[in-house]
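[1] 3D, please:
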Amino acid sequence: MYPGNQLEHLRNCIQPHSNVQKKNYRQEKKRVAKELFSALKDPSVVIMSNWLKIRGTLKSWTKLWCVLKPGILLIYKTPGSDHWVGTILLNACKLIERPSKKDGFCFKLYHPLDKSIWAMKGPKGESVGSITQPLPSNYLIFRAASESDGRCWMDALELALSCSSLSKMTAKSGRDGDQSGSSESSHILQLLQSSALIDQDLLNDSMLENHMENDANSDKSEREAHEDSDNGANENGGRLTEESDMDQSDDVCLQATVFVEEAHEEMGEAGEASQVETVSEENKGLIWTLLKQLRPGMDLSKVVLPTFILEPRSFLDKLSDYYYHADLLSQAVMEESPYSRMKQVLRWYLSGFYKKPKGLKKPYNPILGEMFRCCWLHPQTDSCTFYIAEQVSHHPPVSAFYISNRKDGFCITGSILAKSKFYGNSLSAILDGKARLLFLTRDEEYIITMPYAHCKGILYGTMTLELGGKITIECEKTQCYTELDYKLKPFLGSSCNVNQISGKIRLGEDVLATVDGHWDSKVHLTEKRTGQQEVLWNPGPDIRRQRLKRQVVQVDQQEAFESERLWQHVTRAINDKDQMRATQEKFVLEEAQRQEARERAERPWNPRLFTFNSDTNEWHYKYPDTEAWDPEHCLLQFEKDGVIQTKEKSQRQRSSYTYSQNWAAQQKVSPTGSYCSCR
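    Numbers count the residues shown, from 1 in each chain. Got it, this is the predicted structure:
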């Protein structure tokens, strides 16, 4: 034991030494940070630059100019900084040589955990890169002209990868900036997301000093700091905080897809206005050129349509319009009588039609193998409806879909064959197929068909879009049956004759009620026995405000063949009103699809998520789960890689997780949207 005066003397000696260590630590971190910023901003700090061929998701090669700097690889369309394509974060990457039968030398940069390797912003703060063919998110395959050139690139990349350690700051610095879950890349990703490379405020000494001081004065050990970073991931990743079983929560969150609330939903005008469009003289010329190739009765599925008539989203996306009011199905399951359930199913069916694009627009024809996924949270029932769709055939074009909400007791499966017919001054888009709605707790199946879309006034008059044809909703078990007639406007009809529907609900041979109104506005139901009339459906402002919020996968986290990412360049060009660029980008995708078909030759296409039943001539989801929800054993439902699945409770699980609790908590955490991967 030290005597009291010796111990005090020792403290006095240690204290100044500790302060010196902290000061040196802060200065060193400040110096390293400045080195990183300088390397990223200084055009003279370049390890290597040259042309490389890069393989896209559509299996074709694009020649791009690559600039290698410490920690990052910048990709441009041309030498210079005007046509930036993307930035690779090397500290998140591994490098490997890739054997190839073609000339040259191939190597691959990839993230070992299949996370995104791309920065969100460009070196000048660009949020949108130059247009090229779609590139993978979690890897890139490069081809150098010769083996010697390839070896030089490999050596240079090894050097750049080692330089990337300069950019490693504390784990906390990237907690809010990295939504991909990769703590390694969070620091630089946050810098790029906030345009750090051009924001001088981030380079001032006071900010750097404050950051280093906070870190240096922390009493936490490295292990504690790592645990704190994990807790931050729990908050930002939508993990649950139930004390009864945190391991269960972590396990599910590692598996589940992360969804965020859709930032913006485009809605056309209510009423007839959104179904009428006057074509400009310039576009009339394009239509005439197209019509010269057509004959009445011709199928338009193989005709390349001009981009000005395209709605900037895929048909797979458009099919999801029916589920913004999926909570009506949650209510339908709870109705006691077959007639009440049928009324509620019909109400839900009508809810899918009033959302219209601005003007007369047609969604993209999906690429073979294209996939779209999303979900909707149900605040009232604390559940989630998941939607999965895949393009399973190109000729003929068939889209298959599967929807599931086991907790609320329903699922839907089906497929649509989209056919178009040209009649001279009009054309029809026929949706041939059916959906099967299953109520899990009642073992009831409702078979549903679709109306067709009819566009007239192509050659002369005003172009107008309407819905027509008879649809049915039929439940064999209860013998309850609905028939609706979508009526086209008669030649001498007035505006009140637009979008009319009429129909009836039967139980066996008995008519229980009649239905009439307009499918985009008010629909009345009249009880046959009592003559009592009620408003079955009226999508006014109150109903529109009750639309469920759709949750989507962020573009940078999507797979290469997911709709939004696959079509992103076409969509951007259409939104920019650049028809020429949109046509070029659309041609890139279509040509790649033709090339893929030529390479595949006679070999059949095998869809990823759906399989064809030759007995019923229908497509079925490969991973259905139609068991009724058991709250004693079922923990929650989630989706991963297109597979909708249920997490079962472990033996030590005592309390259940809720979607709603974590939904409310996440609203406070995330300013950009809420995650619903595992609530």
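[2] can you give me the strands in the stretch 251-400 of the chain?
    Using DSSP state E, counting those that start in this stretch, the strands found in the stretch 251-400 of the chain span residues 260-261, 276-277, 310-314, 362-364, 371-378, 383-393, 398-405.
[3] what strands line up against the last one, and which way round?
    Which is strand 398-405. Strand 398-405 has the following sheet partners, assigned by DSSP bridges: strand 383-393 (antiparallel), strand 410-422 (antiparallel).
[4] for residue 490, find the nearest of the ones you listed.
    Closest to residue 490 of these, according to C-beta to C-beta: strand 410-422, at 20.7 Å. C-beta: built from backbone N, CA, C; applies to glycine.
[5] for that closest one, which positions count as buried?
    Within strand 410-422, the residues scored as buried using 16 or more other C-beta atoms under 10 Å are 410, 411, 412, 413, 414, 415, 416, 418, 419, 420, 421, 422.
[6] then stretch 58-78?
    Of the residues in stretch 58-78, 58, 61-62, 64-77 count as buried by neighbour count, 16+ other C-beta under 10 Å.
[7] helix, strand or coil for residue 23?
    Secondary structure, DSSP: H, G, I helix; E, B strand; the rest coil: residue 23 is helix.
[8] again, but for residue 580
    helix.
[9] can you check residue 586 too?
    helix.
[10] ok, and the closest non-adjacent residue to it?
    residue 570 (5.1 Å; C-beta to C-beta, 6 or more residues apart in numbering).
[11] how close does the closest residue to residue 612 other than its chain neighbours get to residue 613?
    Closest residue to residue 612 apart from its sequence neighbours, by C-beta to C-beta, 6+ apart: residue 619 at 5.6 Å. Going from residue 619 to residue 613 by C-beta to C-beta, to the nearest Å gives 7 Å.
[12] which one of the two is surrounded by more residues?
    For residue 619 versus residue 613, neighbours defined as other C-beta atoms under 10 Å are more numerous around residue 619 (25 against 10).
[13] backbone phi and psi for that one, please?
    Backbone torsions for residue 619, taken as degrees, to the nearest 10, come to phi -100, psi 140.
[14] and residue 102, what does it touch?
    Neighbour list for residue 102: residue 143 [criterion: C-beta atoms under 8 Å, 6 or more residues apart in numbering].
[15] do I have it right that residue 383 meets residue 404?
    No. Using C-beta atoms under 8 Å, residue 383 is not in contact with residue 404, being 10.5 Å away.
[16] still on that earlier bit, check the buried residues of strand 410-422 and tell me the two furthest apart.
    410 and 422 (38.1 Å).
[17] before we move on, back to that, rank the strands paired with strand 398-405 by pLDDT, which is bottom?
    When these are compared on average pLDDT, strand 410-422 comes out lowest at a mean of 89.
[18] now the strands paired with strand 398-405 as TSV including distance to residue 576?
    TSV is the format used below for the strands paired with strand 398-405 (distance: least, C-beta to C-beta, whole Å):
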stretch	distance to residue 576
strand 383-393	26
strand 410-422	27
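[19] for residue 648, find the nearest of the ones you listed.
    When those are compared by C-beta to C-beta, strand 383-393 sits nearest residue 648, at 16.6 Å.
[20] in the stretch 351-500 of the chain, where is pLDDT below threshold?
    357-360, 423-425, 458-461, 491-495 (pLDDT under 70).
[21] one more: the chain?
    Scanning the chain for pLDDT under 70 picks out 1-19, 21, 29-44, 163-255, 267-309, 357-360, 423-425, 458-461, 491-495, 651-679.
[22] chain neighbours aside, what residue packs nearest to residue 134?
    Nearest residue to residue 134, sequence neighbours excluded (C-beta to C-beta, 6+ apart): residue 57, at 4.6 Å.
[23] is it fair to say the one you found lies in a helix?
    No. Counting by three-state DSSP, residue 57 is not part of a helix but coil.
[24] how much space between it and residue 583?
    Taking C-beta to C-beta, one finds residue 57 at 20 Å from residue 583.
[25] ok, residue 365 next?
    Per C-beta to C-beta, residue 365 is found 15 Å from residue 583.
[26] out of these two, which sits in the busier spot?
    Neighbour count, other C-beta under 10 Å: between residue 365 and residue 583, residue 365 has more, with 23 against 18.
[27] that one reaches residue 316, doesn't it?
    No. Residue 365 is not in contact with residue 316 according to C-beta under 8 Å; the separation is 10.2 Å.
[28] where do the domain boundaries of the chain fall?
    Annotated domains of the chain cover 48-165, 264-552 [the TED database].
[29] just put those domains in a markdown table and tack on distance to residue 22.
    Formatted as a markdown table, the domains of the chain follow (distance: least, C-beta to C-beta, whole Å):
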| stretch | distance to residue 22 |
| --- | --- |
| domain 48-165 | 22 |
| domain 264-552 | 45 |
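[30] so which of the ones you listed gets nearest residue 633?
    That would be domain 264-552 among those, by C-beta to C-beta, at 11.8 Å.
[31] quick one: terminal-to-terminal distance for the closest one?
    11 Å (C-alpha to C-alpha, to the nearest Å).
[32] likewise stretch 121-130?
    Start-to-end span of stretch 121-130 (C-alpha to C-alpha) is 12 Å.
[33] ditto for stretch 312-319
    With C-alpha to C-alpha as the measure, stretch 312-319 spans 14 Å from end to end.
[34] for stretch 79-94, same thing?
    26 Å.
[35] cool, stretch 510-530 as well?
    One end of stretch 510-530 sits 14 Å from the other (C-alpha to C-alpha).
[36] now stretch 402-419
    Counting by C-alpha to C-alpha, you get 21 Å between the two ends of stretch 402-419.
[37] same deal with stretch 375-382?
    One end of stretch 375-382 sits 13 Å from the other (C-alpha to C-alpha).
[38] and residue 76, what is it in contact with?
    64, 65, 66, 67, 82, 83, 84, 85, 130.
[39] which residues pair with it across the strands?
    Per DSSP bridges, the residues bridged to residue 76 are residue 65, residue 84.
[40] next one: it relative to residue 594, how far apart?
    As judged by C-beta to C-beta, residue 76 and residue 594 stand 28 Å apart.
[41] got it, and residue 394?
    In terms of C-beta to C-beta, residue 394 sits 10 Å off from residue 594.
[42] neighbour-wise, which of those two wins?
    Applying other C-beta under 10 Å to residue 394 and residue 594 shows that residue 394 carries more neighbours, namely 20 against 11.
[43] pretty sure the more buried one is touching residue 600, no?
    No. In this structure, residue 394 is not within contact of residue 600 by C-beta under 8 Å, at 10.6 Å.
[44] sorry, back to before: let me see the contact set for the residue nearest to residue 134.
    Residue 57 touches 133, 134, 135, 136, 560, 561, 566, counting by C-beta under 8 Å, 6+ apart.
[45] where's it relative to residue 589, distance?
    Remark: distance between residue 57 and residue 589 (C-beta to C-beta) = 10 Å.
[46] for residue 639, same thing?
    Applying C-beta to C-beta, the value for residue 639 to residue 589 is 26 Å.
[47] got it, and residue 322?
    26 Å.
[48] the more surrounded of those two?
    Counting neighbours by other C-beta under 10 Å for residue 322 and for residue 589 shows that residue 322 has the greater number, 23 against 20.
[49] and the gap between the nearest residue to that one once chain neighbours are set aside and residue 266?
    Spatially, and ignoring its direct neighbours in sequence, residue 322 is nearest to residue 352 (3.4 Å; C-beta to C-beta, 6+ apart). In this structure, residue 352 and residue 266 are 16 Å apart, going by C-beta to C-beta.
[50] between these two, which is the more surrounded one?
    A count of neighbours by other C-beta under 10 Å puts residue 352 above the other of residue 352 and residue 266, at 17 against 12.
[51] perfect, I'm done here.
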